[in-house]
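*Asks:* Okay, here's the prediction I keep looking at, along with the sequence it came from:
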Amino acid sequence: MGEQRYKGAFSLVALAGLALIVGGYAAAAAGARLFQPSRSAIVLAPYAITLSFVLLAAANLRGHIRRVLKHPMLIAIAIWAAVHLLANGDTKGTVLFASILAYALVDFVSAVQRHATKLFAPSARHDAMAVAAGIVAALAVMALHRVLFGAAVVPWGF
């Protein structure tokens, strides 16, 4: 099959899985409120989510952020899941976000133990690109969060 075709097929399967998760979450009833959402998490969410988008962008660029953190994508997923977990409190949100957080933490520990990092010469330009892309993506998602996911997260969103 070859590495590139395998990665392409794997990406399509992962994208289909993500679509099923999003669709299942949207279709599920909220369920019982398991805990009161954290006011602090709600207030800090825009900043933490922006950080997670920056780290997500940095995961694919050869910058100092990636070199220092080694696994910025897993850290980004953990931050995203933790903030969403604490800012919700209903059954479906708790199950989804706690599961994603557990996955990110277990995968992070596994990656660290495997020494799964690549050596490269970092570039500050790539860090700037990650910060810019992360901020733009975060602002877009925050602005469209109500339209995309049914919950407004910022007063200036649509």
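*Replies:* Thanks, I have the structure now.
*Asks:* Please report how far the most centrally placed residue in the chain lies from residue 106.
*Replies:* Nearest residue to the geometric centre of the chain (C-alpha atoms, centre = their mean): residue 77, 3.6 Å. Distance of residue 77 to residue 106, given as C-beta to C-beta, to the nearest Å: 11 Å. C-beta coordinates here come from the backbone N, C-alpha and C atoms, glycine included.
*Asks:* what do you get for residue 155?
*Replies:* Distance check for residue 155 against residue 106: by C-beta to C-beta, it reads 36 Å.
*Asks:* Which stretches in this protein count as strands?
*Replies:* In the chain, no strands are defined using DSSP state E.
*Asks:* Can you give me the domain assignment for it?
*Replies:* According to automatic domain parsing, the chain comprises the domains 1-30, 32-149.
*Asks:* first vs last residue of the last one, how far apart are they?
*Replies:* Using C-alpha to C-alpha, to the nearest Å, the gap from the first to the last residue of domain 32-149 comes to 19 Å.
*Asks:* okay if I get the domains of the chain as TSV plus mean pLDDT?
*Replies:* Converted to TSV, those look like this (pLDDT from 0 to 100):
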stretch	mean pLDDT
domain 1-30	94
domain 32-149	96
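*Asks:* Single out the most deeply packed of those.
*Replies:* Across these, averaging neighbours per residue (mean count of other C-beta atoms under 10 Å) puts domain 32-149 on top, at a mean of 17.
*Asks:* phi, psi of residue 156?
*Replies:* phi -90, psi 10 (degrees, to the nearest 10).
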